[in-house]
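**Q** Pasting a predicted model and its sequence here:
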2 protein chains.
Amino acid sequence: MHTLETIHQQISLAIEKLDIPGKPANLYEPVSYTLSLGGKRLRPALVMTACDMFGGSLDEAVHPAVGIELFHNFTLLHDDIMDQAPLRRGKETVYKKWNSNIAILSGDTMFAMANREILKTSLSAVREIGDLFNLTAIQVCEGQQYDMDFESRDDVTLPEYLEMIRLKTAVLLACSLKTGAIIAGASPGDCQLIYDAGISLGMAFQLKDDFLDTYGDEKVFGKTPGGDILEGKKTFLFLKLIEKAGTEAKTFNRLYSPASALAAAEKIRFFTIKFGEWGISEDVEREIDSFYKSALLSIDALSVDSVRKSVLLELIRKLSLRQK
Amino acid sequence: MHTLETIHQQISLAIEKLDIPGKPANLYEPVSYTLSLGGKRLRPALVMTACDMFGGSLDEAVHPAVGIELFHNFTLLHDDIMDQAPLRRGKETVYKKWNSNIAILSGDTMFAMANREILKTSLSAVREIGDLFNLTAIQVCEGQQYDMDFESRDDVTLPEYLEMIRLKTAVLLACSLKTGAIIAGASPGDCQLIYDAGISLGMAFQLKDDFLDTYGDEKVFGKTPGGDILEGKKTFLFLKLIEKAGTEAKTFNRLYSPASALAAAEKIRFFTIKFGEWGISEDVEREIDSFYKSALLSIDALSVDSVRKSVLLELIRKLSLRQK
């Protein structure tokens, strides 16, 4: 068994060791730049932790773990073009610092690099994890497409929203855990359970993001609260408000849209107050809590000694407490 | 042994059978649309022909063959955004018909679909062809980046151009042939020879494209001749002219640039005449011929009965005679 610290060290080392050529500079500098911005490295940590829990070798897991991190960074690169996002992790996005074409192409390169890393594992696992990985990639694209489609719709429902975040966020966390389990040779039943745990974890993770966007402490979260409200983004908070608001829903829809009559600060204040009045922050916290409980139930059912589950449980506990 | 016709039928059938979901429509309609535009299906035919030549099973080759075709179509989708191309195969490009964001995302999806197809082959081949495929994908991105970099440079040399088309075009043809060979269990020596043949074939293929863009018969080639000249694209023809033109090179560079003082029709006429005066069409035909000869030498050296080479040789003969 390895500690989370050791696991993170191995991941960092493997990312540093990636062979990123110098030329053409316009292709590879954005790749190095993106990887240098860091991030939580949550997905590779999930691969490694799951593999270790099932008694697998971390050496067999580290390349696929890096592959999933490369993939995650590739999706951010392309998402930032689509969302015209100027900043990512406090730095200029690739599309802003270079241009859209370079961001498209260096993203494509990262996806190919990701697939090469995914294949660097034991032959017995390679086809299954390769297929899971690319199926997951397709689902992530579906999620992003739904997210974009939602922007121009005013009839998005909560179940649709939950399905969108399942695809856009949760499946990759589930894929990470299952990848580690497959590499370790876990049973199909355990692979399914850990996948289910990953889905629940991913749902909780994304809902926490929604929550922090309105209720996060600016100094800790690193962003001015209310960004989603300002953009008129259809989050869990807003859709729950609409679901509960009855006759007022129509007014809220109009005031929340990008064409809102409210000025920026006023719009944020108005909806933060409304969320409070309608008990939305409690609703989202309850939902997050329920997803964490589901994840823990799935992990509880794994046919693994409980002592071996400690690192994964520690990781989940940290996630549930995160304020950024 | 199978005929080219049978091989093409199997490829068409496998592409028709691809499972393309209905939703989200904005993600998958562009995928179906792109595949419906057809094309030569050259790359999957190379996979299948090579596999058959080495005595492999076409059933093991057809999914990777479709994977390479999916990949090729994905690169066209993203290239069309970067080049702002309005038409592809006589129809609107995805980026024009839908928008850039949709073209980015449906392209990403096709790349993931491609990787899933690549992995559907015998376990003994899967890691080698998966790695070759994704390494090739990276090289194709490098080629596209060099191509974009060349647009803003006025000192591109012929060797640099040849290296660019090796990456952008030739490596994928080479990868196709080698993929078929690996699946059939060909020896490492034969795999290398068929890869080399593919590089030569790809170089000849791209140079023929350059040639046809100026000298093609509009009715057959389907495009108005002179598109590359109009755009000021640094093709083999132009770079050869610059190499030979001595003191006149500076003038040619100025007149060929997008900021040219010449009007469209005049520019095309001027450079078509100059190519004639400096013997450039003979130069490019000689170069194409030389690459075809190299390809045939590599194929000649394969440790395969000559009767088994007939279908590949037929395919190459057709390519060398193509006028579109």
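**A** Received it, and whenever you're ready, just let me know what you need.

**Q** got a list of contacts for stretch A:144-155?
**A** With CB atoms under 8 Å, 6 or more residues apart in numbering or on different chains as the test, stretch A:144-155 has contacts from A:75, A:79, A:82, A:156, A:160-161, A:163-164, A:167-168, A:234, A:253, A:257, B:24, B:26-27, B:101-102, B:105. Heads up, the C-betas are built off the backbone N, CA and C, glycines and all.

**Q** Could I get the buried residue list for it?
**A** Residues of stretch A:144-155 classed as buried: A:144-150 (neighbour count, 16 or more other CB atoms under 10 Å in any protein chain shown).

**Q** Of those residues, which is the nearest to residue A:305?
**A** Distance to residue A:305, by CB to CB, is smallest for residue A:144 among those, at 38.9 Å.

**Q** Could you tell me how far the helix or strand harbouring that closest one lies from the centre of the chain?
**A** Assigning secondary structure by DSSP states H and E places residue A:144 in helix A:123-151. Here helix A:123-151 is found 13 Å from its chain centre; the criterion is CA atoms, centre = their mean, to the nearest Å.

**Q** Report the angle between the helix or strand just after that helix and helix A:123-151.
**A** Per DSSP H and E, helix A:123-151 leads on to helix A:158-165 as the next helix or strand towards the C-terminus. Relative orientation of helix A:158-165 with respect to helix A:123-151: 140 degrees, computed using axes from the mean of the first three to the mean of the last three CA atoms, to 10 degrees.

**Q** Which strands or helices does helix A:158-165 pack on?
**A** Where contact means 3 or more CB pairs under 8 Å, 6 or more residues apart in numbering or on different chains; DSSP states H and E, helix A:158-165 is packed against helix A:123-151, helix A:188-215, helix A:236-245.

**Q** What's the mean pLDDT across the shortest one?
**A** In this case it means helix A:236-245. Averaging pLDDT along helix A:236-245 gives 97.

**Q** contacting residues around the closest residue to residue A:158 other than its chain neighbours?
**A** Using CB to CB, 6 or more residues apart in numbering or on different chains and skipping residues adjacent in sequence, the residue nearest residue A:158 is residue A:239, 4.8 Å away. If you count contacts by CB under 8 Å, 6+ apart, residue A:239 has them with A:156-158, A:161.

**Q** and the gap between residue A:239 and residue B:172?
**A** Residue A:239 is 45 Å from residue B:172, where distance means CB to CB, to the nearest Å.

**Q** could I get the contacts of residue A:239 as a markdown table with neighbour count, pLDDT and distance to residue A:119?
**A** Compiled in a markdown table, the contacts of residue A:239 are given as follows (neighbours: other CB atoms under 10 Å in any protein chain shown; pLDDT from 0 to 100; distance: CB to CB, whole Å):
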| residue | neighbour count | pLDDT | distance to residue A:119 |
| --- | --- | --- | --- |
| A:156 | 17 | 95 | 38 |
| A:157 | 12 | 96 | 40 |
| A:158 | 15 | 97 | 39 |
| A:161 | 22 | 98 | 35 |
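
**Q** from these, which two are the most distant?
**A** A:156 and A:158 (8.3 Å).

**Q** returning to what we had before: can I get the helices and strands packed on helix A:158-165 in a markdown table with distance to residue A:262?
**A** Converted to a markdown table, the helices and strands packed on helix A:158-165 look like this (distance: least, CB to CB, whole Å):
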| stretch | distance to residue A:262 |
| --- | --- |
| helix A:123-151 | 19 |
| helix A:188-215 | 15 |
| helix A:236-245 | 14 |
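
**Q** So which of these is nearest residue A:2?
**A** helix A:188-215 (17.4 Å).

**Q** rewinding a little: closest one to chain B out of the buried residues of stretch A:144-155, please.
**A** residue A:145 (4.2 Å; CB to the nearest CB).

**Q** who in the stretch 1-150 of chain A is up against chain B?
**A** Residues of the stretch 1-150 of chain A lying near chain B by CB under 8 Å from any CB of the partner chain: A:23-24, A:26-27, A:78, A:81-82, A:100-102, A:104-109, A:111-113, A:115-116, A:119, A:123, A:126-127, A:130-131, A:133-135, A:137-138, A:141-142, A:144-146, A:148-149.

**Q** for chain A, what helix or strand is lowest in average pLDDT?
**A** helix A:218-221 (a mean of 82; mean pLDDT, DSSP states H and E).
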